[in-house]
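Here's a sequence, model it:
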Amino acid sequence: MIGLTPERISEELKTYSARLTEGMQTLRRVGEIESGVSPRDPVHREDKLVLYRYQPRVAKPHPVPLLIVYALVNRPYMMDIQEDRSMIRGLLDAGIDVYLIDWGYPDAGDRSLTLGDYVHRYIHHCIDFLRERHQQETVNLLGVCQGGALSLCFASLYPEKVRNLVTMVTPVDFHTPDNLLTHLIRNVNVDLMVDTFGNLPGSLLNFAFLSLSPFRLAGQKYVDLVDILDDASALKNFLRMEKWIYDSPDQAGEAFRQFAKDFFQQNKLIKGEVIIGERQVDLRNLVMPVLNVYATQDHLVPPAASKALAERCGSRDYSELSFKGGHIGIYVSGRAQREVPPAIAAWLAAR
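Predicted coordinates for the structure are as follows:
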């Protein structure tokens, strides 16, 4: 390569080594990496589930609370990861009264939990708790990714308890050609996995997610890390993201079995064939207003997988909000903070 002399190589190696040395000093100054930054209070518990209410940031929040149902496969503090990158803080600033379900960390005693437990029991109990607490017949529901699929199931089974439904990067059609996760799991013997492991190890699922974009997620970002080792603030933000990526709870075996087989492998949600606790999920029962938020560059939930909801739900008030970014960028990018929470809050306020 032109200009790549031994002297230049030696100089670049010295510079690189100096950056690493300086980076070690910066790491010592970073301190503890928080799991979420906005003040919140636990208001309800059931088994390992904790329902949190985030402390309002306006004098009189909207009287109808918003319950956020996050995915089971990651931790929900992605939505509140730092002060200037917080979807939750944006909703609070817009006057929304925000609650969130923290699923906790399933252990061996939870291996028999089913999707029926998550939908009919856990989500249902939280909804009823909020209805009684706020003296409202209905509450607003925001489902995120897999939590969006669970929210679709709940809202279709209990439409009389949901005033407005917001889905964010939520798969509906799991068999779109560009759905990489489906291609990954389609030929997996799910029964053998669950029967062998009991609960599915979070580390195994995390490896599967990283394998979808291995160069960027497991290589390039660590090369780029050298460029911010002298910036304690940027380094702390990087470590927050790393903590979230590898903070992967195990999955309750029976719930994982049904979700993997019925949703990913057999695409039953869009067909109206999902059975949860002996009740059939029919998306045509979604008669409440629906806002479907998707990311145009999402490699985990492609836009087509999410937008399929438009032709399947029964709502006469269906809207879509597209965000030019990826599956993670929709939570943490600066543009997302300016665009997404205000849009969701305005949509809710109008209804």
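
where in the stretch 101-250 of the chain is pLDDT low?
209, 212-219, 221-226, 228 (pLDDT under 70).

now the strands: where do they sit in it?
Under the criterion DSSP state E, counting those that start in this stretch, the stretch 101-250 of the chain carries strands at the ranges 139-144, 162-168.

Output the contacting helices and strands for the last one.
Applying 3 or more Cβ pairs under 8 Å, 6 or more residues apart in numbering; DSSP states H and E, one finds that strand 162-168 makes contact with strand 139-144, helix 146-157, strand 290-295, helix 334-349. All C-beta spots, glycine's among them, are computed from the backbone N, C-alpha and C.

Now with 7 Å, please.
strand 139-144, helix 146-157, strand 290-295 (3 or more Cβ pairs under 7 Å, 6 or more residues apart in numbering; DSSP states H and E).

So in that sheet, which strands flank that strand, and in what orientation?
strand 139-144 (parallel), strand 290-295 (parallel) (DSSP bridges).

hang on, the earlier thing: quick one: which of the helices and strands packed on strand 162-168 is nearest His120?
helix 146-157 (7.6 Å; Cβ to Cβ).

what sits up against that closest one?
With contact meaning Cβ atoms under 7 Å, 6 or more residues apart in numbering, helix 146-157 is reached by 69-73, 118-119, 123-124, 141, 143, 162, 165, 167-168, 170-171, 263, 269, 274, 276, 279, 281-283, 285-286, 288.

that older thread, highest average neighbour count across the strands paired with strand 162-168: which stretch is it?
strand 139-144 (a mean of 27; mean count of other Cβ atoms under 10 Å).

for that one, the distance to its chain's centre please.
12 Å (Cα atoms, centre = their mean, to the nearest Å).

cool, stretch 287-295 as well?
How far stretch 287-295 lies from its chain's middle: 16 Å, per Cα atoms, centre = their mean.

Need the CA coordinates for that stretch. CSV is fine.
Below are the C-alpha coordinates for stretch 287-295, written out as CSV (Å, rounded to 0.1, in the frame of the first residue of the first chain):
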residue,chain,number,x,y,z
VAL,A,287,-61.4,-1.8,17.0
MET,A,288,-59.7,0.9,19.1
PRO,A,289,-57.5,3.6,17.5
VAL,A,290,-54.2,2.1,16.5
LEU,A,291,-50.8,3.9,15.8
ASN,A,292,-48.2,1.6,14.3
VAL,A,293,-44.6,3.0,14.6
TYR,A,294,-41.9,1.3,12.5
ALA,A,295,-38.3,1.9,11.5
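
what does it contact?
By Cβ under 7 Å, 6+ apart, the surrounding residues in contact with stretch 287-295 are 155, 159, 162-169, 303, 306-307, 309, 313-315, 317-323, 325-327, 329-330, 340, 344, 347, 351.

swap in stretch 316-332?
By Cβ under 7 Å, 6+ apart, the list of residues contacting stretch 316-332 reads 78-79, 81, 85, 87, 169, 289-301, 307, 310, 333, 336, 339-340, 343, 347.

what about 8 Å?
78-79, 81-82, 85, 87, 145, 168-169, 241, 287-301, 303, 307, 309-310, 333, 335-336, 339-340, 343-344, 347, 351 (Cβ atoms under 8 Å, 6 or more residues apart in numbering).

Selecting buried members of the residues you listed in PyMOL, what would you type?
A single PyMOL command selects the buried members of the contacts of stretch 316-332 (16 or more other Cβ atoms under 10 Å):
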select buried, resi 78+79+81+82+85+87+145+168+169+241+287+288+289+290+291+292+293+294+295+298+299+300+301+303+307+309+333+336+339+340+343+344+347
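
can you map out the helices along the stretch 1-150 of the chain?
6-30, 87-93, 115-116, 124-134, 146-157 (DSSP state H, counting those that start in this stretch).

same deal with the stretch 251-351 of the chain?
Under DSSP H, counting those that start in this stretch, the stretch 251-351 of the chain gives helices at 253-258, 268-271, 303-307, 329-332, 334-349.

Return the set of buried residues in stretch 177-197.
Applying 16+ other Cβ under 10 Å to stretch 177-197 flags 179-182, 185, 190, 193-194 as buried.

next one: stretch 159-173
Within stretch 159-173, the residues scored as buried using 16+ other Cβ under 10 Å are 159, 161-173.

Please state the offset of it from the chain centre?
Using Cα atoms, centre = their mean, the offset of stretch 159-173 from its chain centre is 14 Å.

For Gly202, find the nearest of the helices and strands packed on strand 162-168.
In terms of Cβ to Cβ, the element of the helices and strands packed on strand 162-168 nearest to Gly202 is helix 146-157, at 13.3 Å.
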